[in-house]
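Peer 1: Following is a predicted model, sequence given first.
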Amino acid sequence: MSTDHPVLSLEDVDVHFEKDGGGLNPFTDRPTVRAVDGVDLDISSNDVVAIVGESGSGKTTLGKTAVGLQQPSAGTIKYRGQDIWQAKKWNSNASIPFDEIRRSLQIIHQDPGAALNPNRTVLSSLAAPLKRWQPDLSSEDREARILHFIERVGMSPPHDYAHRYPHQLSGGEKQRVALVRALLMNPDVILADEAVSALDVSLRVEMMDLMLELQSQFDTSFLFISHDLSNARYIAEHADGRLGVMYLGELVELGPADEVLQNPQHPYTKVLKWATPELGVDEGPTEPPIREIDIPDPVNPPTGCRFHTRCPNATDQCRRATPEVTAVDDGTGRHRVACYRSTDEDAYWDSDPLDGAEL
Ligand SMILES: Nc1ncnc2c1ncn2[C@@H]1O[C@H](COP(=O)(O)OP(=O)(O)OP(=O)(O)O)[C@@H](O)[C@H]1O
């Protein structure tokens, strides 16, 4: 396997869905949901990226696309330099087979119960994928490995948990089983999609600490998705990773977590920070730094910068043209944002503020 490439590389990825609602006339164009638009993202080995954004901003779609579960409408996703969807073609001469790629990219869902068969014990549920991936492993070795991992995620005695059925586990325990299931595949990247959102607040930090510990022990990369900035921040800061902010299908800001939070560049990142009291912004404005509360429809997103309808600093230029993603001049070289205010673009600075906005 090549080591020159990032483990995962997303280039200019779009994921558009056709939505029902075109009526009965088959000749009418069906409305298109632009769930993900123009996203670039590299994930290296031992990397942690936490993506945050409000409901419907495209986080899940982006995550599933990154791990090869959703085909993009445009753009490419490469695993160690190999185009994932090329590898899936029946006549592909891929350097890395699709099955190997799928095994290397694992997922933990918000609802771990849904991924477990209610009629099978934990041991049986965990043995099935391992049998597929390593058919030559003896059943004793397979069981020993499973028990080792069950204990490793804090479920002791492991024999007891291994013989339980899903209904005999708490939500936190089911989530740990889901983590074991992913780790048994020896993955390069784990997508954790709202993996702690359904847990009690008291258990969330415990689960995130466990993920961080296993991430560094196994050198696995994590793509962590959450609508909650405090969870995303916890994971990204503790792993010395990056925080990405999605708005209406676009990755509008990405950078080292502490840099993005201490020096947010995109007005939407500032809104998320304002709405997260744990981040200690008591000295900030008492009103949200936003012009409109309504979230636009992803079927018909605003022109230009998609945030311009809500942005307190939008000008006519933001309505007319989409700002490119540019590097923020903060010395990290890893912080980037799509906002005219981070550029010296005259077209923005000379343009008239929109109603209710100011420069
Ligand atoms: N299979 C699909 N078919 C049609 N539209 C879809 C499909 N999957 C997602 N969408 C739409 O794409 C947009 C992004 O959805 P997505 O689930 O990725 O957002 P999200 O940020 O993860 O939101 P949430 O936190 O609520 O899950 C939404 O408008 C959603 O309705």
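Peer 2: Nice, I can see it.
Peer 1: Once you drop chain neighbours, what's closest to the closest residue to the ligand within the stretch 251-359 of the chain?
Peer 2: Nearest to the ligand, among the residues of the stretch 251-359 of the chain, is P298, at 4.3 Å (CB to the nearest ligand atom). In this view, the C-beta of every residue, glycine as well, is placed from N, C-alpha and C. The spatial neighbour of P298 that comes closest, neighbours along the chain excluded (CB to CB, 6 or more residues apart in numbering), is V33 at 5.2 Å.
Peer 1: residues near the nearest residue to G38 once chain neighbours are set aside, how many?
Peer 2: With CB to CB, 6+ apart as the criterion, G38 has its nearest non-adjacent residue at 5.7 Å, and that residue is D12. By other CB atoms under 10 Å, 12 other residues sit near D12.
Peer 1: Can you pull the phi/psi pair for D12?
Peer 2: In terms of degrees, to the nearest 10, the main-chain angles of D12 are phi 50, psi 50.
Peer 1: how close does it sit to the ligand?
Peer 2: Counting by CB to the nearest ligand atom, to the nearest Å, the gap from D12 to the ligand is 18 Å.
Peer 1: Please list the residues of the stretch 201-350 of the chain that sit near the ligand.
Peer 2: Counting by CB under 6 Å from any ligand atom, the residues of the stretch 201-350 of the chain lying close to the ligand are 227, 298.
Peer 1: go again using 8 Å as the cut-off
Peer 2: Near the ligand, the residues belonging to the stretch 201-350 of the chain are 225, 227, 246, 249, 298-299 when assessed by CB under 8 Å from any ligand atom.
Peer 1: Return the residues in contact with the closest residue to W349 other than its chain neighbours.
Peer 2: By the measure of CB to CB, 6+ apart, the closest residue to W349 outside its immediate chain neighbours is L359, 7.3 Å from it. By CB atoms under 8 Å, 6 or more residues apart in numbering, the residues touching L359 are 313, 315, 349, 353.
Peer 1: In terms of pLDDT, where does the residue of the stretch 251-359 of the chain closest to the ligand sit?
Peer 2: Looking at P298, its pLDDT stands at 85.
Peer 1: begin at 54 from here
Peer 2: Fine by me, first position is 54 from now on; the one you just mentioned is P351.
Peer 1: that older thread, correct me, but the residue nearest to G91 touches A127?
Peer 2: Yes. Look at D65 against A127 with CB atoms under 8 Å: they come within range, at 7.0 Å.
Peer 1: Torsion angles phi and psi at G409?
Peer 2: Backbone geometry at G409, expressed as degrees, to the nearest 10, gives phi 80, psi 0.
Peer 1: State whether it and R344 are indeed in contact, as I suppose.
Peer 2: Yes. Here G409 reaches R344: they are 4.9 Å apart, a contact under CB under 8 Å.
Peer 1: more neighbours, these two?
Peer 2: Between G409 and R344, counted using other CB under 10 Å, the more crowded position is R344 (17 against 9).
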